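In: what follows is a protein structure lacking sequence information:
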């Protein structure tokens, strides 16, 4: 946030103003119904004078207080409870906070959201949701003020509860309550409080998985096969990742094709299970090279195995056919709810059969292309 200059210049006056009202009074609308029963690990983002952080610490919480204004933070540290750790950090990135590796039972953003530029808010909300433990509580207060001069002077942006609720919907974060009340000192300001909780596993990915499994329009069993393949890769080969960001994970497309073969080879070549009981056509990926895999042990279809020229050609051809089928069918048709945008992105590259022995290395598997998975979905699968 870039609005710290005002707070540095007026730190003494603002600290006195904030501390004039007790935290119990400021937050009484939501505390009785939604404050976690057991004290745990809390984060006060935009902690200001330290009023709320001290209140939480006195009630048994271990608190990380995040405050980007140097003057405000220094004043607050001078009267800080010993259970509070102060951090110089700010939304939307919260790099230092995230670097601690903590997840919180309670995150409080009191009078902060209006400082976050609209273009950074979706990312900010995503980061907040990732910092919460399963069943953790996120409290955001929204400032609605009509004084344009004050808004400009203090770097305030307009806020909307509907905007925040849309971000929550995208992250599968549940709204549990909302309140609106006037400011106790200023007639031109009122406050809206939104209380959220993170259900399920805390990543926000289980609703997306439910959509893929249950509600996706594509009825083919391939979508379930792809999920199972990705789960096995995430569990058994996390080191295969070639690129990782906050939003996605890239893995070699070849590893997806390889695990696809490992999954379907016993079903087709050993147990001879058809795709559909009445189907006359076979599996789209099962060409001549796939059936020649009958001479190769499933155990050898793993990263690190080497093959001579003949078997290498068979394995390469089978992986190539599998990758073509995966990208043409399940990866193409598994889309986000209400959209035509695929959940899994990919780039499939042209692969020629080598006249030399091969080794199933990360480099070799990357030659088939890349496969992109949403980061939180990868975390859930693994």
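Out: All right, it came through fine. Treat the numbers as computed from the prediction; the structure is a model and nothing was measured.
In: use CA for all of it now, contacts and neighbours both
Out: Noted.
In: which outside residues touch stretch 44-59?
Out: For stretch 44-59, contacts defined as C-alpha atoms under 8 Å, 6 or more residues apart in numbering pick out 14-15, 18-19, 22-24, 39, 42, 62-69, 72-73, 75-77, 80-81, 83-84, 90, 107-112.
In: any of the residues you listed buried? List them.
Out: 14-15, 18, 23, 42, 62-69, 72-73, 75-77, 80-81, 83-84, 90, 107-112 (16 or more other C-alpha atoms under 10 Å).
In: so which of those are in helices?
Out: In helices, defined here by DSSP state H, the members of the buried ones among the contacts of stretch 44-59 are 14-15, 18, 23, 72-73, 75-77.
In: from those residues, pick the one nearest residue 184.
Out: residue 18 (11.2 Å; C-alpha to C-alpha).
In: tell me the pLDDT of that closest one.
Out: In this prediction, residue 18 carries a pLDDT score of 91.
In: and for residue 365?
Out: 98.
In: what's the nearest residue to residue 351 if we skip its chain neighbours?
Out: residue 368 (6.1 Å; C-alpha to C-alpha, 6 or more residues apart in numbering).
In: so that neighbour makes contact with residue 251?
Out: No: counting by C-alpha atoms under 8 Å, residue 368 does not reach residue 251; the two are 10.7 Å apart.
In: who does the lengthiest helix in the chain touch, helix- and strand-wise?
Out: Counting by DSSP H, the longest helix found in the chain is helix 309-328. Packing contacts for helix 309-328, counted by 3 or more C-alpha pairs under 8 Å, 6 or more residues apart in numbering; DSSP states H and E, involve helix 253-265, helix 288-292, strand 345-348.
In: after it, heading C-terminal, what element do we hit next?
Out: helix 330-333 (DSSP states H and E).
In: for that following helix, give the mean pLDDT please.
Out: 90.
In: state the helix or strand in which residue 92 lies.
Out: Per DSSP H and E, there is no helix or strand for residue 92.
In: pull the number of nearby residues for it.
Out: Residue 92 has 21 neighbours, counted by other C-alpha atoms under 10 Å.
In: just give the closest residue to residue 247, not the sequence neighbours.
Out: residue 375 (5.2 Å).
In: the one you found reaches residue 243, doesn't it?
Out: No: the criterion here is C-alpha under 8 Å, and residue 375 misses it with residue 243 at 10.7 Å.
In: quick one, which of the two is more surrounded?
Out: residue 375 (18 against 12).
In: now that one: how far from residue 382?
Out: Distance from residue 375 to residue 382, counting by C-alpha to C-alpha, to the nearest Å: 11 Å.
In: picking that back up, of the helices and strands packed on helix 309-328, which stretch is the most buried?
Out: Of the helices and strands packed on helix 309-328, the one with the most neighbours on average (mean count of other C-alpha atoms under 10 Å) is helix 253-265, at a mean of 23.
In: need the strands for this protein, in chain order.
Out: 41-45, 62-66, 84-87, 104-109, 132-145, 174-182, 189-197, 243-244, 248-252, 306-307, 345-348, 358-359, 369-374 (DSSP state E).
In: packing partners of the longest one?
Out: What it means is strand 132-145. strand 104-109, strand 189-197.
In: contacting residues for the residue nearest to residue 348 when sequence neighbours are not counted?
Out: Distances taken as C-alpha to C-alpha, 6+ apart place residue 369 nearest to residue 348, at 4.5 Å, with adjacent residues excluded. The neighbours of residue 369, taking C-alpha under 8 Å, 6+ apart as the test, are 252-254, 346-349.
In: give me the distance between residue 369 and residue 232.
Out: 19 Å.
In: check residue 334 too.
Out: 19 Å.
In: I'd say residue 269 and residue 291 touch.
Out: Yes: in this structure, residue 269 is within contact of residue 291 by C-alpha under 8 Å, at 7.2 Å.
In: any weak-confidence spans in the stretch 251-382 of the chain?
Out: 273-282, 338 (pLDDT under 70).
In: give me phi/psi at residue 94?
Out: Dihedral pair for residue 94: phi 50, psi 40, per degrees, to the nearest 10.
In: report pLDDT for residue 135.
Out: 84.
In: also the one 10 residues further on?
Out: Model confidence at residue 145, expressed as pLDDT, equals 77.
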